[in-house]
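In: coords below, sequence missing:
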Ligand SMILES: Nc1cc(-c2ccc3ccn(Cc4ccccn4)c3c2)[nH]n1
């Protein structure tokens, strides 16, 4: 997968050199490229923002640098077309299902806005030649799109085959397709078996994998009911067995 990130703060993405994503980039599994939006400014101050039409506080990002940047990063005549992801507080909620879907794309471009956002004509112009998605990572306002892009790149990249050492672990994740779509995962434990007077549930040491799987689903249902009760309403009753209903 190729990921291009356009931003006025390229250094914000230094974390993508670390850990499993850094390893995936060095192995060639993942091709992540950062681009400084100011590359496509032509005035002596490298201006990327201006006052909002209609008045109001703050500044808006000018369309010209973005148009030139997107033309350079994803040329219209280049043949392949990326999916453009625009982080914004006003976007559609980003979910694990979106991470799964976007992990199957060959090429993503993230446009990181700042100030009060990017001139809305940029998304309209880009949509003439590539799919564009406005996405929110949560109902709170950040100062720009960089943190949201880091979050989405991590959520997407970890799903690529070969990035996580143990691919099977993805299936048990909270919100994972295949049975966890509307559940959060339950508690996890490791050695020692007793720590500060707390004992690991004995069943987990039993070696009875069927019983352990059942216990983990019960605990996922309990934790979902406690922390995210609204998710339980989304579960198709046909997907709950009799034991689930007793939890
Ligand atoms: N889930 C999210 C995404 C964002 C986000 C993404 C991109 C930008 C570009 C600018 N801002 C600041 C800003 C402030 C006021 C109104 C609009 N935007 C952003 C915020 N916040 N929360």
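Out: Perfect, thanks for sending it. Given the structure is predicted, the values throughout are model-derived calculations rather than measurements.

In: Tell me where the chain has helices.
Out: 19-27, 63-73, 96-102, 121-126, 146-157, 168-171, 209-227, 229-232, 242-246 (DSSP state H).

In: Point out the most buried one among those.
Out: helix 146-157 (a mean of 21; mean count of other Cβ atoms under 10 Å). C-beta here means a position set from N, CA and C on the backbone, and glycine is covered the same way.

In: quick one on the thing from earlier: turn the helices of the chain into CSV, including distance to the ligand and mean pLDDT.
Out: What follows is the helices of the chain, written out as CSV (distance: least, Cβ to the nearest ligand atom, whole Å; pLDDT from 0 to 100):
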stretch, distance to the ligand, mean pLDDT
helix 19-27, 21, 96
helix 63-73, 12, 98
helix 96-102, 13, 97
helix 121-126, 12, 98
helix 146-157, 5, 98
helix 168-171, 24, 76
helix 209-227, 20, 97
helix 229-232, 19, 96
helix 242-246, 33, 84
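
In: Next up, the contacts around the residue of the chain most remote from its centre.
Out: What lies farthest from the middle of the chain is residue 197; by Cα atoms, centre = their mean that is 38.0 Å. Applying Cβ atoms under 8 Å, 6 or more residues apart in numbering to residue 197 gives no contacts.

In: Report the separation between it and the ligand.
Out: 41 Å (Cβ to the nearest ligand atom, to the nearest Å).

In: partners of the strand ranked longest in the chain in the sheet?
Out: Longest strand in the chain, counting residues (DSSP state E): strand 83-93. Using DSSP bridges, the strands paired with strand 83-93 in its sheet are strand 107-111 (parallel), strand 132-136 (parallel).
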